[in-house]
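Participant: give me coordinates for this.
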Amino acid sequence: KMSLVINENTIEIDAEGYLVEPAQWNKEVAEELARQEEITLTEEHWKILYFMRSYYRDHQVAADVRFVTKYMSEEFGIGKAARNYLFKLFPYGYVKQACKISGMKRPRAWSTG
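Facilitator: Numbering: from 1, shown residues only. Take a look at the predicted model:
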């Protein structure tokens, strides 16, 4: 197993860098995962990450990209531009970066969008 050490806490990650246990996620973990993906987190990133975390808390599953773009469309007032904006914020994709940085396990079964 692989791990990150953040503020003296050992966080287990899988071979692709996703958290093994989403409950270990916090702001510092997100910042380290984002740094590894070469993303500087902005207020827009944080809104998406916190939305994804609350969705996960409520449903015990990562939000499908459609739910995230619907949230962005309303939250940022950008309508159909939400999907393109998501990929501007997370250029290597929703699953590869947004799910990873928000502390989700590696999603297996659904569309990567």
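
Participant: from Asp58, how far out is the residue lying farthest from the centre of the chain?
Facilitator: Relative to the C-alpha centroid of the chain, counting by Cα atoms, centre = their mean, Glu8 is the outermost residue, at 22.5 Å. Between Glu8 and Asp58 the distance is 30 Å, computed by Cβ to Cβ, to the nearest Å. Backbone N, C-alpha and C define where each C-beta goes, glycine included.

Participant: likewise for Thr42?
Facilitator: In this structure, Thr42 and Asp58 are 25 Å apart, going by Cβ to Cβ.

Participant: got the phi and psi for the residue farthest from the centre of the chain?
Facilitator: For Glu8, the backbone dihedrals (degrees, to the nearest 10) come out as phi 70, psi 10.

Participant: scan this protein for its longest helix.
Facilitator: For the chain, the helix that runs over the most residues, judged by DSSP state H, is helix 43-59.

Participant: buried set for it?
Facilitator: Of the residues in helix 43-59, those scored as buried under the neighbour-count criterion (16 or more other Cβ atoms under 10 Å) are 45, 48-49, 51-53, 55-56.

Participant: now do that helix, average pLDDT.
Facilitator: For helix 43-59, the mean pLDDT works out to 97.

Participant: now do the helix or strand following that helix and helix 43-59, the angle between them.
Facilitator: Scanning forward in sequence from helix 43-59 by DSSP states H and E, the next helix or strand is helix 65-75. Here the directions of helix 65-75 and helix 43-59 differ by 130 degrees (axes from the mean of the first three to the mean of the last three Cα atoms, to 10 degrees).

Participant: helix 65-75 - contacts with which helices or strands?
Facilitator: Applying 3 or more Cβ pairs under 8 Å, 6 or more residues apart in numbering; DSSP states H and E, one finds that helix 65-75 contacts helix 43-59, helix 82-89.

Participant: change it to 6 Å
Facilitator: helix 82-89 (3 or more Cβ pairs under 6 Å, 6 or more residues apart in numbering; DSSP states H and E).
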